[in-house]
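Trainee: Got a sequence here, can you model it:
(chains A, B, C and D)
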Protein chains: 2
Amino acid sequence: MTLRSVGTRSARGKAARFSPRAARTELRRTEIFHSLGLVLQERGIAGITMDEIAQRLGMTKGSLYYYFKDKDDLLYQCHMRAMEVSLRALREAAGLRLPPDERLRRVLVAHIRGITDEVYGAVVLTDIESLSRPRRRRYVAKRDLFERAVRDMIAEGIREKVFREVDVKLAGFAMLGAINWISKWYSPDGPWTSAQIAEGFADFLLAALRP
Amino acid sequence: MTLRSVGTRSARGKAARFSPRAARTELRRTEIFHSLGLVLQERGIAGITMDEIAQRLGMTKGSLYYYFKDKDDLLYQCHMRAMEVSLRALREAAGLRLPPDERLRRVLVAHIRGITDEVYGAVVLTDIESLSRPRRRRYVAKRDLFERAVRDMIAEGIREKVFREVDVKLAGFAMLGAINWISKWYSPDGPWTSAQIAEGFADFLLAALRP
DNA sequence: CCTACCGATCGGTAGG
DNA sequence: CCTACCGATCGGTAGG
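Mentor: Presented below is the predicted three-dimensional model:
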């Protein structure tokens, strides 16, 4: 699984063929992810029922099964979509040939904004243990790809002396954990815009790596 | 609600009177919290059923209702217990008259070890939205007490020039978020001991505050 | 602390 | 995309 091959196809694994019908379905799927994110924020994990998600869209739960095979599939697709946003940021930053600290900063900012701006980024708070084994395997593979890329940037920064010597894996856990937790407390009505949080967090976390 | 008045009474609000009977009940409650933590780690949030928690202790779920009023009560008491561990660390560090950075370091280390050593620290991963309103209120009050104390230490460090100027609230969110997320990936069989994680995280997070 | 049971919730489906 | 429904799970209780 190379970096370039990830996320270039639609969540369903079909090549994107731009038929109006497929586009409408894809749009509806995104709206369902959005609804899932809102339910998660307001009602908590236990509130994620097919009924709740559907009602916010003026649908009944039965209709959701037109877009997703089952609840497990819906959660899985949402996880994948959120991760694809971050992987896209990774690929874009990789193409820019920036020093590792600046590249890491851009990836973190994009990753954070992906979590806050698309509400469904909060899906990271749900447990992956309830996903079916093959789905969990595929999701974890994608997540590991992102985590490893972050660690690689930290390691590169250490080699180039722009970062101090830290345990790369532990630092990665700390940085990504702080970011994942944002979905727990973030509200668009809060004291900061999502851009301020993204910049503030990236600055704070990068500071922990400075020599 | 002052700092000193918190956590000096048992979780049930009764004065601790050291009868053997009460002590046995209290011990059993702790075992139930422990079982809850294990279920959470292995099966995820959706796996937290009264049945699962009981079975690990060789009980049937009906017996749990001898120790807790209902499932909501069990989760609430577990939340409170975990927070009391951290508040105790706070009070101990407060008594030592250390510089703010060293005091903060000790609190973070104790807070992290509370989460990793007592498995039920993972209860922070469950949502408080499903708690009854009065319980959520009481828990949030206790949690805010801890969060505010952390922010106060950061602010004090800034005033004393041992920390650089940061947004105190945002820094607090980042530090505590990184720590809360530990329960998601920590395993006693992993590459680090809980002591190493605690020291490593405290060092990393404190570094982000250095001028 | 257990057995036996209920009632409600919720995922999922049939048929349209 | 909806209505009407089922089947299973799970919290909780009665009675011991």
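Trainee: how about the helices in chain A?
Mentor: Using DSSP state H, the helices of chain A run over A:20-43, A:50-55, A:61-67, A:71-94, A:100-117, A:133-159, A:168-180, A:182-185, A:194-207.
Trainee: Any chance of a markdown table for those, columns distance to residue B:156 and mean neighbour count?
Mentor: Heads up, the C-betas are built off the backbone N, CA and C, glycines and all. A markdown table is the format used below for those (distance: least, C-beta to C-beta, whole Å; neighbours: other C-beta atoms under 10 Å in any protein chain shown):
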| stretch | distance to residue B:156 | mean neighbour count |
| --- | --- | --- |
| helix A:20-43 | 33 | 16 |
| helix A:50-55 | 44 | 18 |
| helix A:61-67 | 51 | 14 |
| helix A:71-94 | 36 | 20 |
| helix A:100-117 | 28 | 21 |
| helix A:133-159 | 30 | 17 |
| helix A:168-180 | 22 | 23 |
| helix A:182-185 | 23 | 18 |
| helix A:194-207 | 18 | 19 |
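Trainee: any chance of the ones you listed in JSON lines, with mean pLDDT and distance to DNA strand C too?
Mentor: Converted to JSON lines, those look like this (pLDDT from 0 to 100; distance: least, C-beta to the nearest atom of the strand, whole Å):
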{"stretch": "helix A:20-43", "mean pLDDT": "92", "distance to DNA strand C": "9"}
{"stretch": "helix A:50-55", "mean pLDDT": "96", "distance to DNA strand C": "4"}
{"stretch": "helix A:61-67", "mean pLDDT": "95", "distance to DNA strand C": "4"}
{"stretch": "helix A:71-94", "mean pLDDT": "95", "distance to DNA strand C": "3"}
{"stretch": "helix A:100-117", "mean pLDDT": "96", "distance to DNA strand C": "23"}
{"stretch": "helix A:133-159", "mean pLDDT": "98", "distance to DNA strand C": "12"}
{"stretch": "helix A:168-180", "mean pLDDT": "98", "distance to DNA strand C": "23"}
{"stretch": "helix A:182-185", "mean pLDDT": "96", "distance to DNA strand C": "20"}
{"stretch": "helix A:194-207", "mean pLDDT": "98", "distance to DNA strand C": "29"}
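Trainee: Looking at the ones you listed, which is nearest to chain B?
Mentor: Between chain B and the helices of chain A, the shortest separation by C-beta to the nearest C-beta is 2.9 Å, and it involves helix A:168-180.
Trainee: got the angle for that closest one vs helix A:194-207?
Mentor: Angular relation of helix A:168-180 and helix A:194-207 on a 0 to 180 degree scale: 160 degrees, by axes from the mean of the first three to the mean of the last three C-alpha atoms, to 10 degrees.
Trainee: is helix A:168-180 up against chain B anywhere?
Mentor: Yes. With C-beta under 8 Å from any C-beta of the partner chain as the threshold, helix A:168-180 lies in contact with chain B, specifically through A:169, A:170, A:171, A:173, A:174, A:175, A:176, A:177, A:178, A:179, A:180.
Trainee: Tell me if I'm right that the fourth one and residue B:185 touch.
Mentor: Yes. Contact criterion C-beta atoms under 8 Å: residue A:173 and residue B:185 qualify, at 6.2 Å.
Trainee: can you pull the contacts of residue A:172?
Mentor: Listed by C-beta atoms under 8 Å, 6 or more residues apart in numbering or on different chains, the contact partners of residue A:172 are A:147, A:150, A:151, A:154.
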